[in-house]
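S.K.: Sequence isn't available, so here's the structure alone:
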């Protein structure tokens, strides 16, 4: 079955996955038609799945250890079959690192060249995103492609939040806090504006995007004033496989004493650390919670994840001069009542009171009526933000 109508395709290329969604354009309104992903690209268990908007899977297929180019072409073939690329008016891409770009951009040769020069900033996402762009450009040269940047949300961070205590010449060369997960935070801010508009105008909020990649952001009067990820997405919270904040001296030790080359250090802090490195079992919080009572390493990993997050929330409460709301999102934030409970219990001194029934049911508001801090659980949607940005260029 092929859908017919003008559409927007959005693509989110990661180091070993490609997420995608297709929206029909109806009088400038975007209606989700298809979504899906290819995961574990390059692995024997690589898998492509496509679903209708109602969540029903209509295609599930093993890709059989295809490389990134082969997997992207396979996706392209299925999109042509089930969507009809001749009906696609524009393609939107998530670009994690956007440097000085504050707004979505039409992708041309100049922008692509600039993105290629930035791959050292984000080796996990940017090379993959560039590869996807190039393949779709080659096969569909007349379809406009639009880049949306995760870093744009944090453009107006106060200078003090951008600075590192290095010689100022490095800041002037671009070594500063950029912040990430901006598309998710854009969506969360919009949802809060619908639910509690006064919080956007006058509120002090903390957004916690907790997934395999995790970060939090301090939002004051609708503007981000600080965020945990920094120059790269490695910084900040304990994550699935990323270490988050560590003493820079550890990196020097690994290079000097352990004789690890820079590339292996990068792999260590981005792919072998975090929950995975601490537990030696898994980066998946669901798996870890199941094994917590039987494994001391797993217990320590979960404890540090929560401890680190609570510490960040406490510091953001100070710079915000109070908190009116906390918003949980991402795979862990949206789906783990136990982790939310542990975090919220540590914040009772701020007047936060959790409604355990609402929390266990993953309701939108999980705080009690009398809680000083309102706590939300919101399913984030980066793809709709990508589609809306892309639609502006049609």
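M.R.: Happy to help now that I have it. Nothing here was measured: the structure is a model prediction, and the numbers come from that model. Numbering: from 1, shown residues only.
S.K.: which parts of stretch 191-209 are buried?
M.R.: 191-192, 195-196, 199-200, 203-209 (16 or more other C-beta atoms under 10 Å). (Each C-beta comes from the backbone N, C-alpha and C, glycine too.)
S.K.: Next up, the contacts around residue 14.
M.R.: Residue 14 makes contacts with 124-125, 128, as judged by C-beta atoms under 8 Å, 6 or more residues apart in numbering.
S.K.: got it, and residue 361?
M.R.: Residue 361 touches nothing, counting by C-beta under 8 Å, 6+ apart.
S.K.: Ok, the one 3 residues further on next?
M.R.: The contact partners of residue 364, taken as C-beta under 8 Å, 6+ apart, are 195, 376-378.
S.K.: Now with 10 Å, please.
M.R.: 191, 195, 358, 375-379 (C-beta atoms under 10 Å, 6 or more residues apart in numbering).
S.K.: Put together CSV for those, with pLDDT, distance to residue 146 and secondary structure on each row.
M.R.: Below are the contacts of residue 364 laid out as CSV (pLDDT from 0 to 100; distance: C-beta to C-beta, whole Å; DSSP: H, G, I helix; E, B strand; the rest coil):
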residue, pLDDT, distance to residue 146, secondary structure
191, 98, 23, helix
195, 96, 28, helix
358, 98, 38, helix
375, 98, 35, strand
376, 98, 30, strand
377, 98, 30, strand
378, 98, 25, coil
379, 96, 24, coil
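S.K.: picking up where we left off before, now, the most widely separated pair of the buried residues of stretch 191-209?
M.R.: 196 and 209 (18.8 Å; C-beta to C-beta).
S.K.: need the strands for the stretch 201-350 of the chain, in chain order.
M.R.: For the stretch 201-350 of the chain, the strands defined by DSSP state E, counting those that start in this stretch occupy 204-210, 214-220, 223-227, 325-329.
S.K.: Mind checking the pLDDT average for the last one?
M.R.: With pLDDT averaged residue by residue, strand 325-329 scores 98.
S.K.: Would you give the sheet partners of that strand, along with the direction of each?
M.R.: strand 204-210 (parallel), strand 374-377 (parallel) (DSSP bridges).
S.K.: In CSV, list the strands of the stretch 201-350 of the chain along with distance to residue 386.
M.R.: Formatted as CSV, the strands of the stretch 201-350 of the chain follow (distance: least, C-beta to C-beta, whole Å):
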stretch, distance to residue 386
strand 204-210, 16
strand 214-220, 18
strand 223-227, 19
strand 325-329, 16
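S.K.: domain parsing for the chain?
M.R.: Domain assignment of the chain by automatic domain parsing yields the ranges 7-155, 182-377.
S.K.: Now do the shortest one: distance from first to last residue.
M.R.: Criterion C-alpha to C-alpha, to the nearest Å; first-to-last residue distance in domain 7-155 is 30 Å.
S.K.: hmm, which helix or strand of this structure has the shakiest average pLDDT?
M.R.: helix 68-82 (a mean of 90; mean pLDDT, DSSP states H and E).
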